[in-house]
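Novice: The sequence and its predicted three-dimensional model are supplied below.
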Protein chains: 2
Amino acid sequence: MPVYKAPVDDSLFVLFDVLKMEGYGNLPGFADAPRDLVEAVVTEGAKLCEEVLQPLNLSGDAKGCHRNDDGTVTTPPGFREAYKQYCEGGWMGLSFDPAYGGQGLPAALHAIIGEYMSSANLAWGMYPGLTQGAMAALHVHASDAIKDTYLPKMVSGEWTGTMNLTEPHCGTDLGMLRSKAVPNGDGSYAITGQKIFISAGEHDMSENIVHLVLARIEGAPGGTKGISLFVVPKFLPNADGSIGERNPVSCGKIEEKMGIHGNATCVMNYDGAKGWLVGEENKGLAAMFVMMNEARLSVGIQGLSQSEVAYQNAVAYAKDRLQGRSLSGPKAPEKPADPIIVHPDVRRNLMTLRAINEAGRALVIWTALQADVLHRSEDAAERQKAEDHLGLMTPIIKGVLTDLGFDNAVKAQQMFGGHGYIDEWGMGQFVRDARITMIYEGANGIQALDLVGRKLPANGGRAVMAFFNEAGTFCAQNKDDATVGPMVASLSKGLKDLQAATMWFMQNALAKPDNAGAGSTPYMHMFGLVAMGYMLARMAKVAGEKLGNGADDRMTAKIATARFFFEQMMPETGAHLARISAGADSMMALPAEAF
Amino acid sequence: MPVYKAPVDDSLFVLFDVLKMEGYGNLPGFADAPRDLVEAVVTEGAKLCEEVLQPLNLSGDAKGCHRNDDGTVTTPPGFREAYKQYCEGGWMGLSFDPAYGGQGLPAALHAIIGEYMSSANLAWGMYPGLTQGAMAALHVHASDAIKDTYLPKMVSGEWTGTMNLTEPHCGTDLGMLRSKAVPNGDGSYAITGQKIFISAGEHDMSENIVHLVLARIEGAPGGTKGISLFVVPKFLPNADGSIGERNPVSCGKIEEKMGIHGNATCVMNYDGAKGWLVGEENKGLAAMFVMMNEARLSVGIQGLSQSEVAYQNAVAYAKDRLQGRSLSGPKAPEKPADPIIVHPDVRRNLMTLRAINEAGRALVIWTALQADVLHRSEDAAERQKAEDHLGLMTPIIKGVLTDLGFDNAVKAQQMFGGHGYIDEWGMGQFVRDARITMIYEGANGIQALDLVGRKLPANGGRAVMAFFNEAGTFCAQNKDDATVGPMVASLSKGLKDLQAATMWFMQNALAKPDNAGAGSTPYMHMFGLVAMGYMLARMAKVAGEKLGNGADDRMTAKIATARFFFEQMMPETGAHLARISAGADSMMALPAEAF
């Protein structure tokens, strides 16, 4: 049976020692979150994940979800009960607006617990995760009447949420969507169409399901400019908040898929279902993007989460499994063989996962804090900076942490040899579950295009220049630091490569946009390496300072982990720069028929 | 439903135009294989794969194998019938010794058909594949009596084979194995023990199953020096070749695993089963290595095969799926969107797969021809050169083509967006099936260690020097070639990096063996890149010459594909060199408890 222990100490190290959370005390909600409260909340969340959610992960994968003949869906044994516990603990509204029953705590805490939850049980975590995304979209764009009706029920967890974008013929290109909305004359609309890949579209965990649905109002323009967002509940709410009439929206099928078997991925059929407009007519895509950006960060965290839990299990196995002898002589001569953790190639994999997990966690918490600044600060300049950071880092966190999360789950599985391929060890599940994170909420190729095509040039490159300045300043200030000096040399080289690639796009992509598309994925990964390297260097710097106050094994390990990253992973930026600068020609040379 | 068309033209191009098969006419069996016969055989094999095996792939995955209460195993519907057709076509003995009923055709043909078979149905192909490995081991090491009893039945396919190495506590480290053999006094032994992960260990496709089993004869030394190889049939053969008494060897369980569901992965229990020694006492590992080396090449081919079939399906989807518009303006303005093959990032993935498939195919056929030379040539110097080549390339083909085969299946799946995650599209199966190829027949980390620790230093580096000389000579001769000159610059740089890494090992691994282990995986991949690059450059050279005789779209595409590889993939060697030269310190810094 797989194991999992939430990395509470590391989350707190990042939050307090590296990112200095106390410095955000001026933001609403932060004053209510002193260190002891944060520690208590995070520790309690960790406990729920370790003791309730994780034990349901392997069985949830094996049992899966089932659609019954009446269209209802049964989730795996234990999922309902775990959800009840989650709601009773008030976790759904942890960082949500207190006006609707939330606790208003920093979003950074939500991000931290989100990692633990997905590590423990990714498929389960999607039910509350989608609800929180829907809550965010309604909070920003819905009318007060809708907010008052839906949000308290969602914050309490009595009602869950979904997002309905994809149709059989369109995913990325939503301009082609066909679902239509016809005004009923009473302010509501009749929604008709088919949506696919709807996670948590139907299930037995909540009394009502609140679908956020993109559809085209009759007569609206074609393309993305004619899309509106609607709230379409499974049961129509009565005035007193109880649930009323069944709305004609139903699950036609559950997909048989590679992983996340514990989550019901539904084909949803809307047969004139009653819905209400959220935000303005034909501005649905912008409204949905609130949910999508929230979801993209969550999916990046899911990637990190699978890497972390896979790492923990690989470590346990590598310490336990006896096989072969160390190349430098037996390390456990009293045993028939050494534990495989003595082998450098096993170490290479473990250290790779460890470095990425620590770097990814810091990047996520840093970015979540910027989300808090964006949503809570009264200082417009601060908000703009935070918004720039979020815009820039969202595709990187989504694209890079999920690509690496999957790769890392594969590496961890590999350490188990043949046992890794057998279901009962659980390593294959991490791989299969991680796989979807590269695909949903915008496939990673789309994240890369978003980065290069939108985020990079936005506002004259303001966001990217701010990052370059910040990382460059760190390098300049620390190049002679006893601990991080040698790492800074590698970080500076990575940063230089990244700046050269950025410059190359400026000079070569305007005249020939295919050059931007051709280099987008290498650029995203290069940016990810530099951003992760910056995080690791900052952590190593703090660790070095702490070591000045006395020995601390955890801090020594922090520095060793960062060093591994700079020696083994950062050199990749040079190869990426070469790829990018080679341009699109070799990719586009063949006519389509030649394939 | 997934599609598959065997790349017959490309195989023949490699065999005849690049590797000049006619030049091997002096070898036995080659004179019987003029071009028209080879074309006929390959085309016929392709047909069997496309029309019989491929249609059973998706259903075989869904249905899987079932162990019945009586210990028998039922394979997926259609598998038995397909096997019958395969045997009737004489495919089992295609390149096997005519003395036992084989056709004696070149092993290169066997390798070519092997690729098609695994592309069409990897799980199915393992049944004959293991039989052929067992045939090879018996042919080299067994007594005439055993060969006469077993080989004709195996060549005809009436009896299938297996290899039994792994036990629950030992896989890589076979020195720990516990299965024991007690002499019966009549020349046979009683074999007792448990073997796990036995592919095709029990099934309903043949009337008998011939297990090759590693066990320790009572009183033999511990470790690898006390291991012997036995042939243990499911049914004891009668003197007339019919099957007799049931031997007490049985399938205790079928593993639930991530993929290759169509193949029965068995726990095999030997309860005093009667077996006969193959080769000498205590020399079983060496005898089994005949089978393992054969199997490692086959597994490398399996990696290639999944990349190829995944590529073909991704191409079909990319031409068909309409989504978004080209960055350089609409390419199909009459349609609601462009096919996604217009997008450079999609092209990047397609070209990556294409380049690796073409390079891998050439590398495999080149190496299979060397196997023919090794086994058939009368010239000792030629044989030695071929043996060096095989020894060097076996871990590279196994390790690199399976790592890339898996990566490529993932890339192909990614192009399908959400549809790639749904079982019915079949892309997940390619990923899950490819995954095992990185693990079995020696996990890829073991291949890398074999390369760096054994193959590289063997005979004073003779094998690696021969490769460096050959590739270096090609570069020197073609640096000004109009077609391949620019590619040669990149190949030379890759070769230089590879030589520098080799030198680094010579200087740094003897005193500190962990340095070899630490750099082994990057080195294996670096070597793979250079070897594939060399193949692509040779093919591009031939293509350039052919284009001198007139336009040829296939040859133009060959050159474009090679160019993509050199621009986009070869730069990785620089990063690998940096990783290797950083040494083991950062990997080994942490004590095991710190993980």
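Specialist: The structure has been received and is ready for your questions.
Novice: Could I get the contacting residues of A:Pro128?
Specialist: If you count contacts by Cβ atoms under 8 Å, 6 or more residues apart in numbering or on different chains, A:Pro128 has them with A:Tyr83, A:Tyr86, A:Trp91, A:Met92, A:Met117, A:Gly157, A:Thr160. All C-beta atoms are positioned from the backbone trio N, CA, C, and that covers glycine.
Novice: Okay, it and A:Arg432: tell me how far apart.
Specialist: Per Cβ to Cβ, to the nearest Å, A:Pro128 is found 21 Å from A:Arg432.
Novice: can you map out the strands along chain A?
Specialist: Under the criterion DSSP state E, strands of chain A are mapped to A:66-67, A:73-74, A:159-164, A:180-183, A:189-199, A:208-217, A:227-233, A:235-237, A:243-246, A:249-254, A:265-278.
Novice: Format those as JSON lines; extra columns: mean neighbour count, distance to A:Lys153 and mean pLDDT.
Specialist: Output for these, formatted as JSON lines (neighbours: other Cβ atoms under 10 Å in any protein chain shown; distance: least, Cβ to Cβ, whole Å; pLDDT from 0 to 100):
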{"stretch": "strand A:66-67", "mean neighbour count": "14", "distance to A:Lys153": "25", "mean pLDDT": "98"}
{"stretch": "strand A:73-74", "mean neighbour count": "18", "distance to A:Lys153": "20", "mean pLDDT": "98"}
{"stretch": "strand A:159-164", "mean neighbour count": "26", "distance to A:Lys153": "4", "mean pLDDT": "97"}
{"stretch": "strand A:180-183", "mean neighbour count": "18", "distance to A:Lys153": "23", "mean pLDDT": "98"}
{"stretch": "strand A:189-199", "mean neighbour count": "22", "distance to A:Lys153": "20", "mean pLDDT": "98"}
{"stretch": "strand A:208-217", "mean neighbour count": "25", "distance to A:Lys153": "7", "mean pLDDT": "98"}
{"stretch": "strand A:227-233", "mean neighbour count": "26", "distance to A:Lys153": "10", "mean pLDDT": "98"}
{"stretch": "strand A:235-237", "mean neighbour count": "17", "distance to A:Lys153": "8", "mean pLDDT": "98"}
{"stretch": "strand A:243-246", "mean neighbour count": "13", "distance to A:Lys153": "9", "mean pLDDT": "97"}
{"stretch": "strand A:249-254", "mean neighbour count": "19", "distance to A:Lys153": "17", "mean pLDDT": "98"}
{"stretch": "strand A:265-278", "mean neighbour count": "22", "distance to A:Lys153": "15", "mean pLDDT": "98"}
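Novice: any chance of those in TSV, plus distance to A:Leu297?
Specialist: Below are these laid out as TSV (distance: least, Cβ to Cβ, whole Å):
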stretch	distance to A:Leu297
strand A:66-67	30
strand A:73-74	27
strand A:159-164	14
strand A:180-183	29
strand A:189-199	16
strand A:208-217	18
strand A:227-233	20
strand A:235-237	29
strand A:243-246	31
strand A:249-254	27
strand A:265-278	21
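Novice: Give me the local confidence score for A:Met291.
Specialist: A:Met291 is assigned a predicted lDDT (pLDDT) of 79.
Novice: Chain neighbours aside, what residue packs nearest to it?
Specialist: Closest residue to A:Met291 apart from its sequence neighbours, by Cβ to Cβ, 6 or more residues apart in numbering or on different chains: A:Ala137 at 3.9 Å.
Novice: so what's that neighbour up against?
Specialist: By Cβ under 8 Å, 6+ apart, the residues touching A:Ala137 are A:Met163, A:Leu212, A:Leu229, A:Val278, A:Ala287, A:Met288, A:Val290, A:Met291, A:Glu294.
Novice: gap between the fourth one and A:Ala215?
Specialist: The one in question is A:Val278. 11 Å.
Novice: shared neighbours, these two?
Specialist: In contact with both A:Val278 and A:Ala215: A:Phe230, A:Gly284, using Cβ under 8 Å, 6+ apart.
Novice: if we can go back for a sec, with respect to A:Thr483, which of the contacts of A:Ala137 is nearest?
Specialist: Nearest to A:Thr483 out of the contacts of A:Ala137 is A:Glu294 (Cβ to Cβ; 36.5 Å).
Novice: residues in contact with the closest one?
Specialist: A:Gln132, A:Gly133, A:Ala136, A:Ala137.
Novice: can you redo the residues you listed as TSV with pLDDT?
Specialist: Compiled in TSV, the contacts of A:Glu294 are given as follows (pLDDT from 0 to 100):
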residue	pLDDT
A:Gln132	96
A:Gly133	94
A:Ala136	94
A:Ala137	94
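Novice: May I see the buried residues of stretch A:322-331?
Specialist: A:Leu322, A:Gln323, A:Gly324, A:Arg325, A:Ser326, A:Leu327 (16 or more other Cβ atoms under 10 Å in any protein chain shown).
Novice: from memory the second one sits against A:Ala337, does it?
Specialist: Yes - between A:Gln323 and A:Ala337 a contact is recorded at 5.3 Å, counting by Cβ atoms under 8 Å.
Novice: Common neighbours of the two, please.
Specialist: With Cβ under 8 Å, 6+ apart as the test, A:Gln323 and A:Ala337 both reach B:Asp173, B:Met176.
Novice: follow-up on the earlier one: so, if you compare the contacts of A:Ala137, which one comes nearest to B:Leu48?
Specialist: Distances from B:Leu48 to those, taken by Cβ to Cβ, are shortest for A:Met163, at 46.9 Å.
Novice: And that closest one, how far from chain B?
Specialist: 13 Å (Cβ to the nearest Cβ, to the nearest Å).
Novice: Also A:Trp504?
Specialist: Remark: distance between A:Trp504 and chain B (Cβ to the nearest Cβ) = 14 Å.
Novice: List, out of the buried residues of stretch A:322-331, those positioned next to chain B.
Specialist: By Cβ under 8 Å from any Cβ of the partner chain, the members of the buried residues of stretch A:322-331 lying near chain B are A:Leu322, A:Gln323, A:Gly324, A:Ser326, A:Leu327.
Novice: would TSV of those residues with pLDDT and distance to B:Gln414 be doable?
Specialist: Putting these into TSV (pLDDT from 0 to 100; distance: Cβ to Cβ, whole Å) gives the following:
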residue	pLDDT	distance to B:Gln414
A:Leu322	95	38
A:Gln323	94	34
A:Gly324	93	35
A:Ser326	94	38
A:Leu327	91	37
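Novice: In helices, which of those residues fall?
Specialist: The members of those all map outside helices under DSSP state H.
Novice: Which one of these is nearest to B:Asn238?
Specialist: For these, the nearest to B:Asn238 is A:Gln323 (41.4 Å; Cβ to Cβ).
Novice: ok, the spatially closest residue to that closest one that is not a sequence neighbour - contacts?
Specialist: Using Cβ to Cβ, 6+ apart and skipping the chain neighbours, the partner closest in space to A:Gln323 is B:Asp173 (4.3 Å). Residues in contact with B:Asp173 (Cβ under 8 Å, 6+ apart) are A:Leu322, A:Gln323, A:Gly324, A:Ala337.
Novice: and the gap between the residue of chain A most remote from its centre and A:Leu322?
Specialist: Most distant from the centre of chain A: A:Glu334, at 45.0 Å, with distances by Cα atoms, centre = their mean. Going from A:Glu334 to A:Leu322 by Cβ to Cβ gives 11 Å.
Novice: One more: A:Asp204?
Specialist: On the measure of Cβ to Cβ, A:Asp204 and A:Leu322 end up 45 Å apart.
Novice: Could I get the contacting residues of A:Ala107?
Specialist: A:Ser95, A:Ala368, A:Leu369, A:Ala371, A:Asp372, A:His375.
Novice: Can you tell me which of those residues end up in helices?
Specialist: Going by DSSP H, the helices hold A:Ala368, A:Leu369, A:Ala371, A:Asp372, A:His375 from the contacts of A:Ala107.
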